[in-house]
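[1] need a 3D model of the sequence below.
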Amino acid sequence: MLKQRIITAIILAVGAIWALFKASPDIWAVLLLGIGLIAAWEWAGFAKITSLWQKALYAIFITMTSYAGIEFLNDEAIIGSTALEALVLIAVVSAYQYFKGESKPSSMGLILLFGGLFISLFVITMILFRAHFSAEALLMSLVVIWAIDTGAYFSGRKFGRKKLAQYVSPGKTWEGVYGGAILAFVVAIIGLYILQPTLNVHFALFALMAALIALFSVFGDLFESVLKRQVGLKDSGSILPGHGGVLDRIDSLIIAVPMFYILWTYGSVLA
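    Alright, predicted model coming up:
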């Protein structure tokens, strides 16, 4: 299993780097829309949809919505949608933890609606991010998000004592999250230093905001855990050997990428 996981991770990393730096804008958009299509297919399973044609219909609808959003969604709408998504994540995860796993978003319509909002917003901002800023800025943001996972894993194993949300994800600890946030801040500082010639921002404040976004991305992971628990799934899918589904790989990015897009859009005020 470990060997399979490593091989898949290498292939994904190489493919992602190529796409990020070498793909044309049109190819980049097609790739992201394809990821959104698969993610929406998997999300339909959270609503207990088993019919293949219904899953396909939902996935196609979300993909078409994402495509339309690239053209018609402005920054104000992105801010509003991101704020709504953040509120949903906080409410669902907090309620599930507070009521010890007894409070669940069981409405099929709501779950599908959440998926439409979250996945479309992720796809749209990933495409706009690269177009409006740079591949380097997007890569730095993604690495900051991944840093909190890495830091949380190692600091959690070494110092983890107090459970973060035991009814949602028993393995996560507050100590792990703190360690992850520190690593995310350090990575953000390094990334900003590398990108220095093209930036007009206050490094420390920008890095702090980036670390806070990475910290909030944990809610994306916890939210998916809630949805998987209520339908008895270990992974969202099986398309990625050793890693599960697409949603299992982008759960934390779904909220963090839109937040980073907003940060980069208005980051000059931190100068």
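[2] which residues touch residue 149?
    The contact partners of residue 149, by C-beta atoms under 8 Å, 6 or more residues apart in numbering, come to 180, 252. C-beta here means a position set from N, CA and C on the backbone, and glycine is covered the same way.
[3] look up how far residue 231 lies from it.
    24 Å (C-beta to C-beta, to the nearest Å).
[4] number of nearby residues for residue 85?
    Neighbourhood size, residue 85 [other C-beta atoms under 10 Å]: 22.
[5] just the local confidence number for it, please.
    pLDDT recorded at residue 85 is 95.
[6] now the one 4 residues further on
    Per-residue confidence (pLDDT) for residue 89: 94.
[7] could you give the number of residues near it?
    Around residue 89 there are 24 residues (other C-beta under 10 Å).
[8] what strand or helix carries the residue lying closest to it once chain neighbours are set aside?
    For residue 89, ignoring the flanking residues on the chain, the nearest one in space by C-beta to C-beta, 6 or more residues apart in numbering is residue 219 at 4.2 Å. Taking DSSP states H and E as the definition, one finds residue 219 inside helix 218-231.
[9] by contact count, what packs against the helix or strand following that helix?
    With elements assigned by DSSP H and E, the helix or strand that comes after helix 218-231 is helix 246-250. Applying 3 or more C-beta pairs under 8 Å, 6 or more residues apart in numbering; DSSP states H and E, one finds that helix 246-250 contacts helix 25-46.
[10] can you give me the buried ones in the helix it packs on?
    28-29, 31-33, 35-46 (16 or more other C-beta atoms under 10 Å).
[11] ditto for stretch 232-240
    Using 16+ other C-beta under 10 Å as the burial criterion, the residues of stretch 232-240 that qualify are 233, 236, 237, 239, 240.
[12] just to revisit the earlier point, show the average pLDDT along the helix holding residue 219.
    88.
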